[in-house]
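J.: need a 3D model of the following:
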Amino acid sequence: GRNGGHLTPATYRDFYGLQQMYGTDQALRSLAIENYTVSSLLSIIESEGLADSVNLAALGHNSLLLNDLEVAQAHVDLQAAQAAGVDVSQVEWLDAEQMNKVRWCIP
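T.: As a prediction, the model looks like this:
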């Protein structure tokens, strides 16, 4: 059957909270282990020739922020991660108007 799970490391999500609770080094390690896990799984899938079997689709990740508080929290997380040296160059913010234009279908 189809899992429908997500294999996407957190780029900056919840970074500020992790940083406040555990410190910057541990927050960075948390992101690093997510990136390591994803890259390792992708490597195993490729090296074992399982890409067709797992129906892996690299489509990125979208987080839909539903209110001003969520937007503000996401900005705080992003700024904290960026200040700590996290590469956030792939992060793209879409406003409500831009997001309403996004359409795609996953087969």
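J.: ok, residue 101 to residue 95 distance?
T.: 10 Å (Cβ to Cβ, to the nearest Å). C-beta here means a position set from N, CA and C on the backbone, and glycine is covered the same way.
J.: give me the common contacts of these two.
T.: Common neighbours of residue 101 and residue 95 are not found (criterion: Cβ atoms under 8 Å, 6 or more residues apart in numbering).
J.: dump the longest helix along the chain to PDB, restricted to CA.
T.: In the chain, with assignment by DSSP state H, the single longest helix is helix 24-47. Extracted C-alpha coordinates of helix 24-47, given in PDB (Å, rounded to 0.1, in the frame of the first residue of the first chain):
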ATOM      1  CA  THR A  24      22.200  26.600  19.800                       C
ATOM      2  CA  ASP A  25      24.600  23.700  19.500                       C
ATOM      3  CA  GLN A  26      21.900  21.100  20.200                       C
ATOM      4  CA  ALA A  27      19.300  22.900  18.000                       C
ATOM      5  CA  LEU A  28      21.900  22.700  15.200                       C
ATOM      6  CA  ARG A  29      22.500  19.000  15.900                       C
ATOM      7  CA  SER A  30      18.800  18.400  15.700                       C
ATOM      8  CA  LEU A  31      18.700  19.800  12.200                       C
ATOM      9  CA  ALA A  32      21.900  18.000  11.300                       C
ATOM     10  CA  ILE A  33      20.500  14.600  12.300                       C
ATOM     11  CA  GLU A  34      17.300  15.200  10.300                       C
ATOM     12  CA  ASN A  35      19.400  16.000   7.200                       C
ATOM     13  CA  TYR A  36      21.700  13.000   7.800                       C
ATOM     14  CA  THR A  37      18.700  10.700   8.100                       C
ATOM     15  CA  VAL A  38      17.100  11.900   4.900                       C
ATOM     16  CA  SER A  39      20.300  11.800   2.900                       C
ATOM     17  CA  SER A  40      21.100   8.300   4.300                       C
ATOM     18  CA  LEU A  41      17.700   7.000   3.300                       C
ATOM     19  CA  LEU A  42      17.900   8.500  -0.100                       C
ATOM     20  CA  SER A  43      21.400   6.900  -0.500                       C
ATOM     21  CA  ILE A  44      20.100   3.500   0.500                       C
ATOM     22  CA  ILE A  45      17.100   3.700  -1.800                       C
ATOM     23  CA  GLU A  46      19.400   4.600  -4.700                       C
ATOM     24  CA  SER A  47      22.200   2.100  -3.900                       C
END
